[in-house]
Every structure is written in structure tokens, then in C-alpha cells.
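Chemist: Quick one, fold the following:
(2 chains)
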Amino acid sequence: MTPAAGIGFKAEHFDEALASPAAGLWFEVHAENYMVAGGPRLAMLEHLRRERSLSLHGVGMSLAGAAEPDADHLMALKRLVDRFEPALVSEHLAWSRLDGRCFPDLLPVPRTNEVLTRCAANIGRVQDALGRQILIENPTHYLNLSEHNWSETSFLAELARRSGCGLLIDVNNVAVGAHNTSFDAVAWLDAIPAERVGEIHLAGHSLDAEGSVLIDSHDAAVSDDVWQLYEAFVARIGPRPTLIERDGNIPPFAELMQEHDRAQRTLGGEMALAA
Amino acid sequence: MPPDLLEFQRDFAAAIDRPATGAMAVYRNTVLHGAVEALRANYPVVEQLVGSEMFAQVAVDYATECPPRRPVLALYGERFADWLETQPWIADLPYLADVARVERLHIECLMSADAQPLPAQQARAICGQPEARLKLHPSVRFTWLLVPAMSIWLAHQQSLDAELELDWVAEGPLFVRPEPFVTHALHIGRAAHRLLFGIRLGETVSSAMAATARLYPEEDLTAVLASLVTFGVFAAPSTERTI
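Modeler: Below is the predicted model of the structure:
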């Protein structure tokens, strides 16, 4: 995929998404929302893929859990990948399934050798089933777990080295985690190996009711500090497909496109420098 | 010695299930919020009937008792109507569980497999044969309810500017989606319900028609069947598509 900017697709933006003239514009969807037998959701995605590149972003594979990926869920993802031939497929360094119950969230794990081994094996199973590389996204952090043996950046790099996966770096997750668990976002981004990064996510966040925890809420515009981190990150690693994510307080399509255009200018500037 | 991963996950899941503050509250809220929003998306008329504040409380109770079993939330809330019926406060709203049943049929219809509907001409040709059977379109969902829940549901598809006046009678909802973007939401009478029920069970068209005629001799069943064909209730042979 050309390293252009994309936006998260929302059904209410369907007509404008199809009609948009923006060069290189691509769309990402949560894979789980399309794991249905038929109907308008899949029909919309069929229309969209004829005009634009797609990215399938999974939120339910529970790759960092103790269990192997659920066979039915993996087959459902494979059917989507085979049908829609997305340019990018991604998942998370998180777990969301345990003992038959599913948690609609991305839950954290201690970065131990055991987790590294299991998670690399689970990513391998997914990549083998899909017949392609997937990207793994860094999670948001709210808690300082005491059991980590690895720094997050070396854990992600090692996970990519062992499994052959790429990395999806969510700059907002870095900013939110840096605030909540007191690490240096700039140093974190500097430690990510450039050659592994296949996609970047940008989103907005908000403060919780008590005013102390930053929430990765995806319900606001991308904040200035996240833009600054992003621009510095792209300046170092070069242009990468960059997604504007928005899942709550969905604004008009044109408003999302303003953020898209800002990311596109950053990418274009870097491409011009590289040329 | 680092903790065992499975043990860590079980401890974490138990912590999510307890009221919490600070960071754990963020996880707890997100987990509940995901299920509540999925339920809200699938039961919008129930939400209108009870109000969004009460719906949120009800949804949290449901999500606590019946948490998601799959990562796909598009069809979450399978047991919501039956669960509503067991709630002590439901006595004041005797139609609510049936409205939830109607909403369930609607959402299942929307997410079901695509297929070509059977064209009228082909339907006539098939029905002319003595042992002919018809296959329901994969999106067809119907039932029979003792309260006018379908009328309530239909009234809530437009903005309500007047008090709803209902005939308090039994009626059947029928949903069918002959094309990806075309969904029909229909009332059916007892005769259409009996006919569809028989066809779903695999009765031949002629035996379903005969049985229905014995029960409802006053109905014009040829017209009922023709109308079902027009709405795309039957599938053309072997056109079902699932991904």
C-alpha cells in the first residue's frame, strides 16, 4: 500500500466515502463488525473495496492470552481476508477471551518470556492460517503492572523478529500510556525499529471523570501532542500508512478528512524529502 | 518467578467483575460499555420504550448475567427477550419482551445470508407441480405474538407525534431482506403464519395450502402466497451466498 492516510469507515459516511476524490485515501474497519453472514454491512464493504484499499483491524483474536486463537474466529477472519483482499491486516498485543467468555476490550498482560513465546506462536498460527503477514498494535496502558520482564519496545521488536509480524504503532496509545504509567513517549517511539512498522494509528483521547486517567476514547479529534509525536516519528522512520481512528462522537466526513489531510501532508512532506 | 499467564488472566477477569476505581474502573467500564452499546444498537425500540437511562441500567444487568460469548457483537443479546421476561419490573410493561423479540428477528434478518429471491413467474411454475416445495429466503424471520408488538415496533420506525392507538390483538411480524439494502417489515395474519410455518417445516406447497385452508377457510390463500412471493420471501434455488 502507498503510505497514504486513511480513515476508519463508518456506515453513515458511506456515500461520501465512495465519492471522495482524495488521492490514496483508504479505509479501515474492525473485522469483527463484518463477521456476519450477509446483508448491508458486507454489501457496503464490497462497494468500498472496488474504489479503495481496505485494512482489516481485528479486536477479538486474544493473541496475548494463554489459549490458542479460537478456530471459528480465525476461520471467520480468513473468510473476510480471502473475500476482501485487504492491503493490511492487523490485531493487538492484548487478550479478550477467557474460559468461554469474551471481553469487549483489549486487556493487558505482563511482558514475560512466557507471554512472548505464546503470543509469537499465536501470531504464527494466524499468519499461517491467513497466508500473510499481520501487524500487531501496541496497547493502551492504564495500569502499571509489576510483573514485566521486558520493556514494551524490546518486547514488540522481539515479537516481530520471532513471528515475522509487522508493527502497527498507535501514537495515541503511546501518549495515553505515557501519561497514565509515567514513561517517556518520545523515547518509546525512538526505540521502535523503523523497518518493522507497517502502519500508524492516530486517535483522540479524553480525561476520566476524576481527571487523573487519560482514556483512549477515540471520541475526539487527534490532540496536538499526538500530532507532534507523529510528525517526529514519521520524520525518523519515513512515511507509513496512517489511520485517523474515530469511534465515538462521529463528526461529519469532511471533519475527519481535515485530520486525514493533515496526516497526508506530513506523509507527503516526508516522501518529498526522501525523493 | 513471573506469574502464570492463565492465573494472571483469571485474577484480572475477577478484578474486572468487582466495582473498582482508578485504572481498573477504566477496564471494567470499557468491558461493560462494549456489551451495553451492542445491546443498544440491537434493541433501539426497547430503549425508546423504557428511556435511555433505564435501558443503560437494564443492559448492565443483562451484560453482567449474560456476558458476550463471542468476539462478534453484531448479534449480541440473543437471550435478551427471554431474560427481560424474568425481570420483576416487567409487569408494568407487558409488551416489552415481545417487542424485544421483534427487534431480534429484525437484526437477525439484517445480518443473515444473501440470496436471490424467487421470481414470481418461477414461483408460479413451481407451485403448479403436485409435490413442489418452496425454500424460505435465508433472511426470513417470522413468529406469532399474543400482543401487538409488531405494531409497536412499526410505529417506532417513524417519529411519534401522537399517542399510539393499538388494537390489542395477537399478530405476527415478518421480516425479509430480498436484497442487501432492501428490508421488508410486515404484519402477517394467522393464515400467512400457518403457511410459512408449514413451508419452513418442509411441507409441500399444496399440503401447506390445504392445511391452512382448513383452518382459515375465509382467507384467499392464493393471494396470500402471491403476496409473500412479491416480497421475496422465497429463495431462488441455490443462490445463497455466505462468506
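
Chemist: C-alpha only now, for contacts and for neighbours.
Modeler: OK.

Chemist: Tell me, how many residues neighbour the closest residue to B:Tyr216 other than its chain neighbours?
Modeler: Distances taken as Cα to Cα, 6 or more residues apart in numbering or on different chains place B:Ala191 nearest to B:Tyr216, at 6.3 Å, with adjacent residues excluded. By other Cα atoms under 10 Å in any protein chain shown, the residues close to B:Ala191 number 22.

Chemist: what do you get for B:Met24?
Modeler: Summarising burial for B:Met24: neighbours were counted as other Cα under 10 Å, giving 18.

Chemist: Same question for A:Leu80.
Modeler: Around A:Leu80 there are 21 other residues, counting by other Cα under 10 Å.

Chemist: Check the gap between it and B:Thr30 for me.
Modeler: Plainly put, A:Leu80 is 26 Å away from B:Thr30 if you go by Cα to Cα, to the nearest Å.

Chemist: go on, A:Asp261?
Modeler: Note on A:Asp261: its distance to B:Thr30, by Cα to Cα, is 30 Å.

Chemist: A:Leu243 now?
Modeler: 22 Å.

Chemist: Residues of chain B that sit close to chain A?
Modeler: Counting by Cα under 8 Å from any Cα of the partner chain, the residues of chain B close to chain A are B:2-3, B:5-6, B:8-10, B:22-24, B:26-27, B:30-32, B:34-35, B:67-74, B:110-114, B:177, B:179-181, B:241-243.

Chemist: circling back to that earlier point, which helix or strand contains the residue nearest to B:Tyr216?
Modeler: With elements taken from DSSP states H and E, the one containing B:Ala191 is helix B:190-201.

Chemist: For that helix, output the C-alpha coordinates as PDB.
Modeler: As requested, C-alpha coordinates have been extracted for helix B:190-201 and formatted as PDB (Å, rounded to 0.1, in the frame of the first residue of the first chain):
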ATOM      1  CA  ARG B 190     -52.800 -16.200  11.100                       C
ATOM      2  CA  ALA B 191     -53.200 -17.800   7.600                       C
ATOM      3  CA  ALA B 192     -49.800 -16.400   6.300                       C
ATOM      4  CA  HIS B 193     -48.200 -17.500   9.500                       C
ATOM      5  CA  ARG B 194     -49.500 -21.100   9.200                       C
ATOM      6  CA  LEU B 195     -48.500 -21.200   5.600                       C
ATOM      7  CA  LEU B 196     -44.900 -20.000   6.300                       C
ATOM      8  CA  PHE B 197     -44.700 -22.300   9.300                       C
ATOM      9  CA  GLY B 198     -45.600 -25.400   7.200                       C
ATOM     10  CA  ILE B 199     -43.200 -24.400   4.400                       C
ATOM     11  CA  ARG B 200     -40.400 -23.900   6.900                       C
ATOM     12  CA  LEU B 201     -41.100 -27.400   8.300                       C
END
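
Chemist: got the buried residues for it?
Modeler: Of the residues in helix B:190-201, those buried by neighbour count under the rule 16 or more other Cα atoms under 10 Å in any protein chain shown are B:Arg190, B:Ala191, B:Ala192, B:His193, B:Arg194, B:Leu195, B:Leu196, B:Gly198, B:Ile199, B:Arg200.

Chemist: any residues touching it, and which ones?
Modeler: By Cα atoms under 8 Å, 6 or more residues apart in numbering or on different chains, the surrounding residues in contact with helix B:190-201 are B:133-136, B:142-144, B:171-172, B:205, B:208-209, B:212-213, B:215-216, B:219, B:221, B:224-225.

Chemist: Just the pLDDT for the residue nearest to B:Tyr216.
Modeler: For B:Ala191, the model assigns a pLDDT of 97.

Chemist: need the contact list for residue 30.
Modeler: If you meant another chain, say so; for now it's chain A. Here A:His30 is in contact with A:Leu56, A:His57, A:Gly58, A:Val59 (Cα under 8 Å, 6+ apart).

Chemist: wrong one, chain B
Modeler: With contacts defined as Cα under 8 Å, 6+ apart, B:Thr30 is in contact with A:Pro104, A:Asp105.

Chemist: again, but for A:Leu135
Modeler: A:Leu88, A:Val89, A:Ser90, A:Glu91, A:Cys165, A:Gly166, A:Leu167, A:Leu168, A:Gly198, A:Glu199.

Chemist: For the nearest residue to the first one once chain neighbours are set aside, pull up the helix or strand it's in.
Modeler: Using Cα to Cα, 6+ apart and skipping the chain neighbours, the partner closest in space to A:Leu88 is A:Ser55 (4.6 Å). If you go by DSSP H and E, A:Ser55 is part of strand A:54-57.
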